[in-house]
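*Asks:* This is a predicted model, with the sequence first.
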Amino acid sequence: MASSQLMAEYRQWLTFQRQEQLSREHQGIVQRLEDARASANQVVQAYRSMAEKASVEGACYRTIFLRERDDNHALPCEGWLFVRRVLSEGNSTRVRVTLLETFTLEDGIMAPGDKPARKLTLEIFDQLNMDKGMRTNVRVDCLDTPQDYHFITLLDAVRGDLRPHLK
């Protein structure tokens, strides 16, 4: 086997390993949020804090989200969110963000800026889950691209060096 083919297969294997790791991580965080009974109001407050730190310090937060593929399978993707603004009207809360993708199954691991930043609008809401006895679960979904949904943004994974890539 040629060395270049071997390296290509190794990179592909690493990509699949990362995909599996993100799948387990996303599933685990979703379960912890459900167990903690996090509400939309709590998540809105977290995003307000992220927006404040973004405006003052240029903070970007690691996010994991699901992307539905053409075959209706959803796989986790990873990126960094710059939270620009939180807008609340009545019972609706929308968050304006800029997303820098850093992992998809198709593209593998990417450095911030390898793909152009995307400006998105996320919506935060409580979803009624009938399977678990009328419990509500908090959801953060993208309004601009319906195939991207169930965003989980991590407050403890933050970096302030991504501003040049947000244009």
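*Replies:* Good, I have the coordinates.
*Asks:* If you count contacts, what does the lengthiest helix in the chain end up packed against?
*Replies:* Counting by DSSP state H, the longest helix found in the chain is helix 3-36. Judged by 3 or more C-beta pairs under 8 Å, 6 or more residues apart in numbering; DSSP states H and E, the packing partners of helix 3-36 are strand 60-68, strand 74-89, strand 92-104, strand 108-109, strand 135-142, strand 148-159. Using the backbone N, CA and C atoms, a C-beta is placed for each residue, glycine as well.
*Asks:* from the chain's centre, how far out does it sit?
*Replies:* In this view, helix 3-36 has its centroid 14 Å away from the chain centroid, taken as C-alpha atoms, centre = their mean, to the nearest Å.
*Asks:* Tell me the buried residues in it?
*Replies:* Neighbour-count burial for helix 3-36 flags 15, 18-19, 22, 26, 30, 33 (criterion: 16 or more other C-beta atoms under 10 Å).
*Asks:* For those, name the two members farthest from one another.
*Replies:* With distance counted by C-beta to C-beta, no two of the buried residues of helix 3-36 lie farther apart than T15 and L33, which are 26.9 Å apart.
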